[in-house]
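Engineer: Structure of the sequence below:
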Amino acid sequence: MPHKYHPESLMMTHGYKPELSEGAVKTPIFQTSTFVFKTAEEGKAFFEIAYGLREKGQDENLGLIYSRINNPNLEILEDRLCLWDQADDCAVFESGMSAISSVLLEFLKPGDLLLYSAPTYGGTDHFIHDLLKKIGVHSIAFRPEHSKRDLLELIDASGLADRLSLIYVETPANPTNDLFDISLCAEIANLYNSKFEEKKVFVAVDNTYMGPLWSQPLTLGADIVMYSATKYIGGHSDLIAGAVLGNHEVMQRVKTLRTFLGNMVSPHTAWLMLRSLETLKLRMEAQLKNAEKVASYLLKHPKVDKVHYLGCIPQDSKAYELFKKQYSAAGAMVSFDIKGGEKEAFKFLNQLKLMKLAVSLGSTESLAQHPASMTHIGIAEEDKNAFGILPSLIRLSIGVENAEDIIWDIEQALEVV
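Structural biologist: Numbering: from 1, shown residues only. The predicted structure follows:
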């Protein structure tokens, strides 16, 4: 019986044949805009598939046409990303917001209803309340404490139950680490699918906070999983990208829209991400170990009011049951409330020596930022208060430095507060 390799082993070779590239052990950068067809008939067949005019034959693949549609670097990258999420197909975009906005535009149209988790990333929140609202898409927010019954009441009270088209979930939520039940969202979607058979309700999950290593939303009932691939997947703060994964039906729609929006990554960015995937597991495991130590330190510090970290969830709570069901680890994102407010938070941030004061997350270097005045500044003040995105909240993305050095830096910064 053939040996089944683990994803981290296949990150070195999967989808690439050295003999097709002069024997190069690593994938070259295919820095070309267009590709030569063998025959006119072949070109026609490739375009029919690319434009979604027909399904691929059983042994037929989409051939190379033009780098706006496909490119060897892009295809190999997408093949490898599928392994982590156990997905049929993947589409990589030029940013995380590009991936998110493409999904929202493809699966929502004027008059439709979007059910989304709150809090959500500031850029996503703005897109929902600004652009989607402008084109006539209705939206309802829900919170972690909402039960199945609560969600059904919210949907039915809107008067738009027959227009529910997408359930969008960001879990764990940025920046509070709130957890949302993916399986429950799938149950809600299935209920309305059976109630209104002419309409399909999709469940899309932003899995950026956990990366592809610690959570696989598709196995929990989601139809679509999205990433800001800038984060753990890229992981070196030197590229911007996004990714969407799902089954063949979903991804045909996503890739067709991407073809016409033209928002896929360049060959060079795809090549950089292929490099990053080779160390993805090593990096994320190192970040996890460091984050656990940082969270443990913060829990005991007298100047810290509250620590928001999945590893700190009480074991006798409902949230802990959900954590164990959805995730294989607690991740590397640690938020905490400093005693005081913005003044104390800024003092802490301005005093950091090793950690960098910058937005983004999931990279090799540790980063710190102030969500209320930075990434989530556009969220309404009353919503920020309700979500716990307070002036006292500080978000840390833990990197691969020595844990003792990270903790020393946090300690000396807290001393000035």
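Engineer: Every contact and neighbour count from this point should use C-alpha atoms.
Structural biologist: Fine.
Engineer: For residue 138, give me the pLDDT.
Structural biologist: According to the prediction, residue 138 has pLDDT 98.
Engineer: Which helix or strand contains residue 307?
Structural biologist: Using DSSP states H and E, residue 307 sits within strand 304-308.
Engineer: which residues sit against that strand?
Structural biologist: Contacts with strand 304-308, where a contact means Cα atoms under 8 Å, 6 or more residues apart in numbering, come from 176, 177, 295, 298, 299, 334, 335, 336, 337, 338, 339.
Engineer: wait, isn't residue 237 in contact with residue 230?
Structural biologist: Yes. Shown here, residue 237 and residue 230 form a contact pair, counting by Cα atoms under 8 Å, at 7.0 Å.
Engineer: Contacts for the lowest-mean-pLDDT helix or strand in the chain, please.
Structural biologist: None of the helices or strands of the chain scores lower by mean pLDDT, DSSP states H and E than helix 40-50, at a mean of 91. With Cα under 8 Å, 6+ apart as the test, helix 40-50 has contacts from 37, 54, 55, 56, 62, 63, 64, 65, 69, 256, 259.
Engineer: mind redoing it with 10 Å?
Structural biologist: 35-37, 53-57, 60-65, 69-70, 252, 255-256, 259 (Cα atoms under 10 Å, 6 or more residues apart in numbering).
Engineer: From the chain's centroid, how far away is it?
Structural biologist: How far helix 40-50 lies from its chain's middle: 33 Å, per Cα atoms, centre = their mean, to the nearest Å.
Engineer: Convert the C-alpha atoms of it to PDB, please.
Structural biologist: Extracted C-alpha coordinates of helix 40-50, given in PDB (Å, rounded to 0.1, in the frame of the first residue of the first chain):
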ATOM      1  CA  ALA A  40      -6.200  26.200 -31.700                       C
ATOM      2  CA  GLU A  41      -8.500  23.400 -30.500                       C
ATOM      3  CA  GLU A  42      -6.600  23.200 -27.200                       C
ATOM      4  CA  GLY A  43      -6.800  27.000 -26.700                       C
ATOM      5  CA  LYS A  44     -10.600  26.800 -27.200                       C
ATOM      6  CA  ALA A  45     -11.000  24.000 -24.700                       C
ATOM      7  CA  PHE A  46      -8.900  25.800 -22.100                       C
ATOM      8  CA  PHE A  47     -11.000  29.000 -22.400                       C
ATOM      9  CA  GLU A  48     -14.300  27.100 -22.200                       C
ATOM     10  CA  ILE A  49     -13.200  25.800 -18.800                       C
ATOM     11  CA  ALA A  50     -11.700  29.000 -17.600                       C
END
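Engineer: Tell me the buried residues in it?
Structural biologist: 43, 45, 46, 47, 49, 50 (16 or more other Cα atoms under 10 Å).
Engineer: What average pLDDT does the helix or strand just after it get?
Structural biologist: Counting by DSSP H and E, the element after helix 40-50 in chain order, helix or strand, is helix 72-85. Averaging pLDDT along helix 72-85 yields 97.
Engineer: which element follows helix 72-85 toward the C-terminus?
Structural biologist: Taking DSSP H and E, what comes next after helix 72-85 is strand 89-93.
Engineer: Give me the mean pLDDT for that next one.
Structural biologist: Mean per-residue pLDDT for strand 89-93: 98.
Engineer: Check stretch 59-68 too.
Structural biologist: On average, stretch 59-68 scores 87.
Engineer: go on, stretch 17-29?
Structural biologist: Taken as a whole, stretch 17-29 has an average pLDDT of 90.
Engineer: can you list the weak-confidence ranges in the protein?
Structural biologist: Within the chain, not a single segment meets pLDDT under 70.
Engineer: Grab the longest helix from it for me.
Structural biologist: If you go by DSSP state H, the chain has its longest helix at helix 280-299.
Engineer: tell me which residues of it are tucked away?
Structural biologist: By 16+ other Cα under 10 Å, the buried positions in helix 280-299 come out as 280-281, 283-292, 294-295, 298-299.
Engineer: Next: stretch 356-365.
Structural biologist: Those would be 356, 357, 361, 362, 363, 364, 365, for stretch 356-365 by 16+ other Cα under 10 Å.
Engineer: repeat for stretch 344-358
Structural biologist: 344, 345, 346, 348, 349, 351, 352, 354, 355, 356, 357.
Engineer: Which pair of those residues spans the longest distance?
Structural biologist: 344 and 354 (18.8 Å; Cα to Cα).
Engineer: if we can go back for a sec, next, show the common contact partners of residue 237 and residue 230.
Structural biologist: With Cα under 10 Å, 6+ apart as the test, residue 237 and residue 230 both reach 360, 361, 362, 363.
Engineer: thought the second one was touching residue 355?
Structural biologist: If I follow you right, that is residue 361. No. Residue 361 is beyond contact range of residue 355, at 12.0 Å (criterion: Cα atoms under 10 Å).
Engineer: between the two, what contacts are shared?
Structural biologist: Listed as contacting both residue 361 and residue 355 by Cα under 10 Å, 6+ apart are 367, 368, 396, 397, 398, 399.
Engineer: Out of the residues you listed, grab the one that's most surrounded.
Structural biologist: residue 398 (30 neighbours; other Cα atoms under 10 Å).
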